[in-house]
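Q: predicted coordinates and the sequence they were generated for:
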Amino acid sequence: MSVLTHDQRVVRRAPEQAATAPMPLRPRRPEVRRPPTRARVVAGRRPGPVAACRRRVPPRWPWLTAVGVAVALAVTGLGVLAGALAPGVPERTATVAVAPGETLWDLAKQYAPGSDTAAVVDRIEELNHLPAESVVPGLLLTVPVGSGSVTAGP
């Protein structure tokens, strides 16, 4: 029996060795690497154009824009709702004398409870044309008065 090897040599073997001895294997060639732009050939399918093998990624910017607009509207709506629910500065006013050690913040809390204290202090400064530092004991001030507050007059 003759066996042809991969380097084209003929090896002669005895018939009893031929049945038991394994055949020499051909060395494996490395697999050919295809470029990524080439269409992949699948059994039973015909290869399509090169663009068909690329994965199409849908654009994401419309969704991101929609989410951004929704968040902006939600924040704006909550701000408007909070502004509408916050009690404003009372319209009624009273004239009060400043006690020793009393500040505009103390007057705002005492005469307009439940209102925004900073807004009431700003309104007191506006009504009396004075900065917050010029408050002295005995000074008469016009102060916004809330409905449930203690009123004091001259």
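A: That came through, no problem.

Q: remind me, longest helix of this structure?
A: Ranked by residue count, the top helix of the chain under DSSP state H comes out as helix 61-85.

Q: averaged pLDDT, that one. What do you get?
A: For helix 61-85, the mean per-residue pLDDT is 89.

Q: can you give me the buried ones in it?
A: For helix 61-85, burial by neighbour count (16 or more other CB atoms under 10 Å) applies to no residue. Glycine gets a C-beta too; all of them are placed from N, C-alpha and C.

Q: following element in sequence after it, please.
A: Taking DSSP states H and E as the definition, the helix or strand that follows helix 61-85 towards the C-terminus is strand 93-97.

Q: who are the packing partners of that next one?
A: With contacts taken as 3 or more CB pairs under 8 Å, 6 or more residues apart in numbering; DSSP states H and E, strand 93-97 sits against helix 104-111, strand 140-144.

Q: can you lay out these as CSV showing distance to Arg29 and mean pLDDT?
A: What follows is those, written out as CSV (distance: least, CB to CB, whole Å; pLDDT from 0 to 100):
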stretch, distance to Arg29, mean pLDDT
helix 104-111, 89, 89
strand 140-144, 94, 89
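
Q: need these in a markdown table with mean neighbour count, can you?
A: Rendered in a markdown table, the data for these read as follows (neighbours: other CB atoms under 10 Å):
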| stretch | mean neighbour count |
| --- | --- |
| helix 104-111 | 19 |
| strand 140-144 | 18 |
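
Q: distance to Val69 added to those, as a markdown table?
A: Listed next are the helices and strands packed on strand 93-97 as a markdown table, based on distance: least, CB to CB, whole Å:
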| stretch | distance to Val69 |
| --- | --- |
| helix 104-111 | 39 |
| strand 140-144 | 39 |
